[in-house]
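Chemist: requesting a structural model of the entry that follows:
(2 chains)
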Amino acid sequence: MTGNEAAATAAKLARVQVVAAYPITPQSPVVESLSAWVESGELPAEFVAVESEHSAMSVCIGASTVGARAFTATSSNGLAYMTEQVWWASGARLPIVMCVANRALAAPWNVLNDQQDSMSVRDSGWVQLYCRNNQEILDTSVQAFRMAEQLNVPVMVCYDGFLLSHTVMPVDVPSVEQADAFLPPRPKPLQVVDPADPRNVGPVVMADPRRDGDGVMQPGYMEFKAMHHRALLDALEAVPAADAEYAAVVGRSWGGLTWEHLLDDAEVVLVAAGSVGVQLTLVAERLREEGVKAGVLGVRCYRPFPAAALAAKLAGRKLAIVFDKALSYGYEGPICTDLRAALCAEENAPAVFGVVCGLGGRDTSPGDLADSVRRAIADAHAGARTRATEWLGLRLEGGAL
Amino acid sequence: MTRITELPDAGFVLPGNRACAGCGIGIGLRQITAALDGQMVLINPASCLTVLGGMFPIASVRVPWIDVAFPSTAASASGVAAGLRAMGRAGEMTVLAMAGDGGTADIGIQALSGAAERNDDLIYLCYDNEAYMNTGTQRSGSTPSGARTTTTWTGKKENPKDVPAIMEAHRIPYVASTSAAFPDDVFDKVSKARGIHGLRYIHMNTPCPSGWGFDPKDTVALGKLAVDAGLVVLYEVEAGEFRLTGRSKTLAKTGRRATVADYVATQSRFRGMDAQTIAAVQAWADERWERFVARDAGECG
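Modeler: Residues are numbered from 1 along each chain as shown, chains lettered A, B, ... in the order given. This is a model prediction of the structure:
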């Protein structure tokens, strides 16, 4: 099945109760599948055919507030359009799961893959997971509900548009019994919506704590934000725990926060999130044939950022090369920046070089990626501890940036 | 029709809320919550109503209440309705979205139109105080021509959007126009809407002493004058059937309408409004009023 079918199948296995989504390439088949299953009765859920992505997330917010299990999916400008509600969902501590078929952001128009869309909301208080293949999309999306409902934070499951969303791969679908054994019904929401016990959910909160009607001090805005941050940090344990529990029931594990390939004795480590990481495994194998001790360290969980885990795995290596499919304009790739920060207190830290690649669907062939690694190794041999971000395969008059 | 002396004293709106003195919202909200007997969940975006509702951890209204983002009122309410239905709780409460005119006519209209097209099972009530009052009286799509706001310093040049007509064009089961100055009319319309399924839209004119520039004691008098001048018309459209209600119905019989000049003279927002603009608004009001009266008489759709 395709990555989109895997995402939709996961939502069905999770027995989602409310689905609201708006079509956008390359996510549309997720919506099409789910609406067909709701219409046929195969999925006993409410499907709300909204008029925009902003409303898709709004419907999920409303449904999740009253306790329903809610799901949506989007891409690119759709995610940008719903960004106000992406923040609202996390601030309201709603365990919504959203799949993002990663696509470049306009302008100019481009429907192909990069990860600028989800990277642009990395600070919005969601757990962000990046998948390598369609099996991982299905398994991770089911796991996402478990961790979301455990922590009361929303989870974004990201997968590369077209490269995964529209590519057919063999996918093993767990049985309904297995899915039910792994994922119990949603626990009661944090807030009560009941005329017999009326509450105001999400009113204005002042900067400082205030006393309630009984004279008890209640949190201010910063206290609520600290609780949210703490919940996201707790995901550093909840993400691998959900993966381990899933493995116990279904028999497949994806490594929790990070994954690795040929890492044990690696001196040169290639770091990436998503499907480009799979390509890098081929690159590492090829370079090993050339005598280079190369390995891959994949970022599966990008938020919360597994800084300690990454630093521990990179200590003592000679060189880390980060392949970002996104950019903080005016600086560098986001994973590269975060990794540098994670390593800054590490005495045996490798040099960290950043490479921006694959923007707007630009092909990242293993050959081009291998050449990029060879250039980085040559720069490191020449004594460089840092260097300007490389734009892989850029053909711009005037040469380098 | 319920007489004003027969309205229940339901007590869902507690005294001592944070609304301005003379705010029309509280008058309307008492009837809305009473008509739904508190068996409701209120979905509310950023607005004056948010302020009335109170600041955490103290609330001033004893009904379940969910605060949502400004453009999202209708969609969030659709989500609440879908969630309650999915969980088998739809019968427990009426979903009532309640937003201001800016949140309805301007930033919220896309989501509202979507919910209306889907005929989602909720009441959407717009309380229309005719500008962005919570942010300091900026013009909205519902601000009347001639009104000074902090973004129309010499008076607004355009007539307001006719949001109830926009909603009627969606062919939803119930559309009503009412005024907070007529609590009995508000109560009856919300009570009727409660018994209907699908998307029900109620537009409630809500006088605002601070934004319109009048003494807080005159809220009800000003709201009545707006109806008497035919600027606000009390009516309902139930399953496509139009009828005037209450004072507007009486007015159609007697023909004794107040003038726009009478109305604008009562509020400082209209100060300096020239005779030509007043005449233009009068002509606009006359044309609307005659169309409403003709519709009530069954003379046109």
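
Chemist: where does residue A:201 fall, phi/psi-wise?
Modeler: Per-residue torsions, residue A:201: phi -90, psi 110 (degrees, to the nearest 10).

Chemist: for the residue in chain B that chain A sits nearest to, which non-adjacent residue is closest in space?
Modeler: At 2.4 Å from chain A, residue B:79 is the closest residue in chain B, using CB to the nearest CB. The way it works is simple: take the backbone N, C-alpha and C, and place the C-beta from them, glycine included. Leaving aside its sequence neighbours, residue B:79 sits nearest to residue A:62 (CB to CB, 6 or more residues apart in numbering or on different chains; 2.4 Å).

Chemist: so who does that neighbour touch?
Modeler: B:43, B:66, B:68, B:75, B:76, B:77, B:78, B:79, B:80, B:81, B:82, B:83 (CB atoms under 8 Å, 6 or more residues apart in numbering or on different chains).

Chemist: start and end of stretch B:15-31, how far apart?
Modeler: Terminal residues of stretch B:15-31 are spaced 15 Å apart (CA to CA, to the nearest Å).

Chemist: now check that stretch, is it near chain A?
Modeler: No: shown here: stretch B:15-31 not in contact with chain A (CB under 8 Å from any CB of the partner chain), separated by at least 9.4 Å.

Chemist: which parts of that stretch are buried?
Modeler: B:17, B:19-20, B:22-31 (16 or more other CB atoms under 10 Å in any protein chain shown).

Chemist: what does that stretch rub up against?
Modeler: B:7, B:10, B:12-13, B:48-49, B:51-55, B:60-61, B:98, B:127, B:129, B:180-181, B:183-184, B:186-187, B:190, B:204-210, B:215-220, B:223.

Chemist: which among those count as buried?
Modeler: Judged by 16+ other CB under 10 Å, buried ones among the contacts of stretch B:15-31: B:7, B:10, B:12-13, B:48-49, B:51-55, B:60-61, B:98, B:127, B:129, B:180-181, B:183-184, B:186-187, B:190, B:204-210, B:218-220, B:223.

Chemist: how many residues are close by the nearest residue to residue B:40 once chain neighbours are set aside?
Modeler: Excluding the flanking residues, the one nearest residue B:40 by CB to CB, 6+ apart is residue B:94, at 4.6 Å. Using other CB atoms under 10 Å in any protein chain shown, residue B:94 has 24 other residues around it.

Chemist: is residue B:94 in contact with residue B:39, as I believe?
Modeler: Yes: using CB atoms under 8 Å, residue B:94 makes contact with residue B:39 at a distance of 6.4 Å.

Chemist: which other helices and strands does the longest helix seen in chain B contact?
Modeler: If you go by DSSP state H, chain B has its longest helix at helix B:275-296. Under the contact definition 3 or more CB pairs under 8 Å, 6 or more residues apart in numbering or on different chains; DSSP states H and E, helix B:275-296 sits against strand B:241-244, helix B:246-254, helix B:260-264.

Chemist: just these: most buried one?
Modeler: Neighbour counts (mean count of other CB atoms under 10 Å in any protein chain shown) averaged over each of the helices and strands packed on helix B:275-296 peak at helix B:260-264, with a mean of 19.

Chemist: how far does that helix sit from its chain's centre?
Modeler: Averaging C-alpha positions (CA atoms, centre = their mean, to the nearest Å) puts helix B:260-264 21 Å from its chain's average.

Chemist: just give the number of residues close to residue A:288.
Modeler: That count, for residue A:288 with other CB under 10 Å as the rule, works out to 15.

Chemist: tell me the SS of it?
Modeler: helix (DSSP: H, G, I helix; E, B strand; the rest coil).

Chemist: distance of the closest residue to it other than its chain neighbours relative to residue A:270?
Modeler: Spatial nearest neighbour of residue A:288, excluding adjacent residues (CB to CB, 6+ apart): residue A:294 at 6.0 Å. Remark: distance between residue A:294 and residue A:270 (CB to CB, to the nearest Å) = 7 Å.

Chemist: which of these two has more residues huddled nearby?
Modeler: Per other CB under 10 Å, whichever of residue A:294 and residue A:270 has more neighbours is residue A:270, with 32 against 27.

Chemist: ok, the more buried one touching residue A:293?
Modeler: No: Residue A:270 is beyond contact range of residue A:293, at 11.8 Å (criterion: CB under 8 Å).
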